[in-house]
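[1] after the sequence you'll find the predicted model.
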Amino acid sequence: MKDGFWYNVSLRLVPWIFEWLIRLWFSTCPLTIHGQEHMDRIKADGTPLIASFWHYGVLYVLYFFREESGVAMVSASRDGEYISRIVERLGNRTVRGSRRKGGMQAIIKLIRAVRAGHNTILVADGSQGPARVAQAGTVLLASHTGVPVLPLAWSCSRHIRFGSWDGTALPLPFSRVDFFYGEPLLVPPGLKELELEEYRLELEKRLNLLYSKAWTFQGKAEH
């Protein structure tokens, strides 16, 4: 049962253990940031941003953004409860929803968060994929708020790739991590259906180009 004793115990212990494990694990990895000027320009403008990235890199991105005061969208699934608590332990807040459950309600909450001055963190290919195919949520959020979408990607010299739908990647201890900011995408307000698809494809293209750039940097075609 979801509300059973051991489930509740695990909800307390697992996020705490995982948080300190990834803090220790990732702290061994020397980091180089590329494209810092894109983030600096947004901060100079004094506007929030929508951080957008592919799901394969979610573990390191959440660690990287631990001090950026963001609100992340996390799946409303049972497993998502663990992820939500880990995100919050790393210093950010969450709203719950996915394409199949509570997605629009979560987008509305993210709109309110942006208007209150918070950054948002949104996985472009969602919680269930397909991998590296952008969903419309990020573009909708940008159109309703007028804030820039900041593409993100990272690569590393050595990593583990899990057998999940997205091929979740985890840098190995003491591997070199290269983190890339891309050119921000500005989305006009009031998009019609065809325009929404145009910007969705543009975001997908930018994220895939940045992804290729990041892994080519390591001499690899993909993660």
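    Thanks, I have it.

[2] distance of the nearest residue to E19 once chain neighbours are set aside relative to H144?
    Excluding the flanking residues, the one nearest E19 by Cβ to Cβ, 6 or more residues apart in numbering is R89, at 4.3 Å. C-beta: built from backbone N, CA, C; applies to glycine. As judged by Cβ to Cβ, to the nearest Å, R89 and H144 stand 29 Å apart.

[3] what about the two, which has more around it?
    The neighbour comparison of R89 against H144 (other Cβ atoms under 10 Å) goes to H144, with 18 against 15.

[4] out of the helices and strands in this protein, which is least certain?
    helix 78-89 (a mean of 81; mean pLDDT, DSSP states H and E).

[5] other SSEs contacting that helix?
    Counting by 3 or more Cβ pairs under 8 Å, 6 or more residues apart in numbering; DSSP states H and E, the packing neighbours recorded for helix 78-89 are helix 5-27, strand 70-74, strand 93-96.

[6] that one to helix 5-27, inter-axis angle?
    Helix 78-89 runs at 50 degrees relative to helix 5-27, counting by axes from the mean of the first three to the mean of the last three Cα atoms, to 10 degrees.

[7] buried residues of helix 78-89, list them for me.
    G80, E81, Y82, I83, S84, R85, I86, V87 (16 or more other Cβ atoms under 10 Å).

[8] let me see the residues that make contact with that helix.
    Defining contact as Cβ atoms under 8 Å, 6 or more residues apart in numbering, one finds that helix 78-89 is touched by 2, 10-11, 14-16, 18-19, 62, 72, 74-75, 93-94, 96, 98, 127.

[9] now, of those, which are buried?
    Applying 16+ other Cβ under 10 Å to the contacts of helix 78-89 flags P15, F18, E19, L62, A72, V74, S75, R93, T94, R96, S98, S127 as buried.

[10] now for G97: which residues touch it?
    Counting by Cβ under 8 Å, 6+ apart, G97 makes contact with M73, S75, A76, G103, M104, Q105, A106, I107, K109.

[11] quick one: the second one from T120, how far?
    By that I understand S75. When distance is defined by Cβ to Cβ, S75 is 16 Å away from T120.

[12] which element follows the longest strand belonging to the chain toward the C-terminus?
    For the chain, the longest strand by residue count, based on DSSP state E, is strand 149-156. Of the helices and strands lying after strand 149-156 in sequence (DSSP states H and E), the nearest is strand 159-161.

[13] and that following strand, which strands flank it?
    strand 169-171 (antiparallel) (DSSP bridges).

[14] who's in contact with the partner strand?
    Applying Cβ under 8 Å, 6+ apart, the set of residues contacting strand 169-171 is 25-26, 29, 56-57, 59-60, 156, 158-162, 177, 223.

[15] out of the contacts of G97, who has the most neighbours?
    M73 (29 neighbours).
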